[in-house]
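Student: Provide a 3D model corresponding to the input given below.
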Amino acid sequence: MNNSSVGVMRVILAIIALSVAAPACARTAEYDPLRINDSVKSTRLDLAVMDAQRQREIPLRVFLPATFVPAPVLLFSHGLGGTREGNPYLGEHWSARGYVVVFIQHHGSDDAVWKGMHAERRMASIRQAASIENALLRFKDVGVVIDQLEKWQRAGDSAESRQLTGRLDLGRLGMSGHSFGAVTTQAVSGQRSVKGDIGFTDPRIKAAVIMSPNAPRAGDAKKAFAEVRIPWLLMTGTRDVAPVGDATMELRLAVFPALPPDGKYELVLDGAEHNAFGDRALPGEHRPRNPNHHRVILGLSTAFWDAWLCNNVSARVWLDGSGALSLLESGDRWQKK
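Tutor: Residues are numbered from 1 along each chain as shown. Next comes the predicted model:
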């Protein structure tokens, strides 16, 4: 094939790619963060990263949108006892909006802490896994995964990873997580110790969505969050108390006031329990689930990514104006600064 034919083929492929699914940062006449093309399905890839230095494997599940142009990347860190397979509703929607979504599984605090274990020992094992040691492992996992994604963007080393080559825009990288994953997300996106002297921030992360946030149990919260320089969207519920640990509603709600201004948002869903952000109910949930909660979570998070990773002015107007409020029910609370 001569150079002219190659050029024509590239143009044709680009046109096909754009017709399959709109890229994440494409503008539309009327902004709606919930609008997707139901006929277009993302590709799921299961991969693993090996951190040779720590002799630690990090499983990944990637939701790859049906576009062939470089797309912004979103990382997700699961809660205690979770896996890369959790919260597929987030991966499906965000990827349908044009984002590459990477779910990270953290050994030591994944489902191995409870799976196949006798019921009377299960809770003790889960509590033991909620340790500083596992938190530090998680913080390191994030940077290792980003390093590997940068390598795969240049050249894959397997049939699966080669599907990522040339399709990752890591200059527009977001991070999200729930519960222990929220702790992970906060640490790698700006939070420091209460004295402000220890931090794990990865400057490659440009925005964060934090589900079930946590303020420090002691010390100066404003000092801990003083270096949060990127946009944060906090999501919690009025009944967001975890079955493990001592995080209270006061601690969840103490994060937003301690954050510096500019690009900071907080959503409080009325009646939402701790796992309202997950894809399935857990033992101990006391109320039937409100189907509007996931709709709000998807709408606000998508608009946030579009506004702050894609610099989409329409998304920013929607997020800061009546658009966001239109999804909320009477008891929900929404604020920004």
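
Student: quote the end-to-end distance of stretch 259-267.
Tutor: Its first and final residues considered, stretch 259-267 spans 14 Å by CA to CA, to the nearest Å.

Student: which parts of that stretch are buried?
Tutor: By neighbour count, with 16 or more other CB atoms under 10 Å as the criterion, the buried positions of stretch 259-267 are 259, 263-267. In short, each C-beta sits where N, CA and C put it, glycine included.

Student: can those go into a markdown table with extra columns for secondary structure?
Tutor: Listed next are these as a markdown table, based on DSSP: H, G, I helix; E, B strand; the rest coil:
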| residue | secondary structure |
| --- | --- |
| 259 | coil |
| 263 | coil |
| 264 | strand |
| 265 | strand |
| 266 | strand |
| 267 | strand |
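
Student: just these now: which is nearest residue 165?
Tutor: Minimum distance to residue 165 across the buried residues of stretch 259-267 is 31.6 Å, recorded for residue 263 (CB to CB).

Student: in contact with residue 31, which residues?
Tutor: Applying CB atoms under 8 Å, 6 or more residues apart in numbering, we find residue 31 in contact with 303, 312, 314-315, 317-318, 323.

Student: per-residue confidence at it?
Tutor: pLDDT recorded at residue 31 is 96.

Student: buried ones in stretch 315-332?
Tutor: Neighbour-count burial for stretch 315-332, with 16+ other CB under 10 Å as criterion, is recorded at 315-316, 318-319, 323-324, 327-328, 332.

Student: which ones among those residues are found in helices?
Tutor: Taking DSSP state H, the ones among the buried residues of stretch 315-332 that sit in helices are 315-316, 318-319, 323-324, 327.

Student: most widely separated two among those residues?
Tutor: Using CB to CB, these reach their maximum pairwise distance at 316 and 327, which is 16.1 Å.

Student: how far does the helix or strand hosting residue 307 sit from the chain's center?
Tutor: Applying DSSP states H and E as the criterion places residue 307 in helix 291-309. Put simply, helix 291-309 sits 11 Å off its chain's centre (CA atoms, centre = their mean, to the nearest Å).

Student: next one: stretch 96-112
Tutor: Here stretch 96-112 is found 8 Å from its chain centre; the criterion is CA atoms, centre = their mean.

Student: what does stretch 55-67 give?
Tutor: Taking CA atoms, centre = their mean, the mean C-alpha location of stretch 55-67 is offset from the chain mean by 13 Å.

Student: quick check, pLDDT for residue 235.
Tutor: The model's pLDDT for residue 235 equals 98.

Student: do residue 206 as well
Tutor: Reported pLDDT at residue 206 in the predicted model: 98.

Student: tally of neighbours for it?
Tutor: The tally of other residues near residue 206 (other CB atoms under 10 Å) stands at 19.

Student: and the helix or strand hosting residue 335, what does it pack onto?
Tutor: Secondary structure assignment for residue 335, by DSSP H and E: strand 333-336. Helices and strands in packing contact with strand 333-336 are listed as strand 264-273; criterion 3 or more CB pairs under 8 Å, 6 or more residues apart in numbering; DSSP states H and E.

Student: what helices or strands is the strand it packs on leaning on?
Tutor: Based on contacts counted as 3+ CB pairs under 8 Å, 6+ apart, the elements that strand 264-273 packs against are strand 232-239, helix 255-258, helix 291-309, strand 333-336.

Student: go again with 6 Å.
Tutor: Other helices and strands packing on strand 264-273, by 3 or more CB pairs under 6 Å, 6 or more residues apart in numbering; DSSP states H and E, are strand 232-239, helix 291-309, strand 333-336.

Student: any buried residues in the helix holding residue 307, and which?
Tutor: 293-294, 296-309.

Student: between those residues, which is nearest residue 207?
Tutor: Of all those, the one with the least separation from residue 207 (CB to CB) is residue 308, at 4.3 Å.

Student: OK, contacts around the closest one?
Tutor: Contacts were defined as CB atoms under 6 Å, 6 or more residues apart in numbering; by that measure residue 308 touches 207, 231.

Student: out of the helices and strands packed on strand 264-273, flag the one nearest residue 111.
Tutor: For the helices and strands packed on strand 264-273, proximity to residue 111 was assessed by CB to CB; helix 291-309 is nearest, at 22.0 Å.

Student: angle of the closest one against strand 264-273?
Tutor: Using axes from the mean of the first three to the mean of the last three CA atoms, to 10 degrees, one finds that helix 291-309 and strand 264-273 are set 160 degrees apart in direction.

Student: tell me the mean pLDDT over helix 291-309?
Tutor: Taken as a whole, helix 291-309 has a mean pLDDT of 97.

Student: cool, and stretch 143-160?
Tutor: Along stretch 143-160, the predicted confidence averages to a pLDDT of 96.

Student: go on, stretch 259-278?
Tutor: Stretch 259-278 shows a mean pLDDT of 96.

Student: kindly report the same for stretch 85-95.
Tutor: Over the span of stretch 85-95, the pLDDT mean works out to 97.

Student: contacts for it, please.
Tutor: Taking CB under 6 Å, 6+ apart as the rule, stretch 85-95 contacts 42, 63, 65, 74, 78, 101, 279, 298.

Student: if anything else comes up later, I'll come back, but that's it for now.
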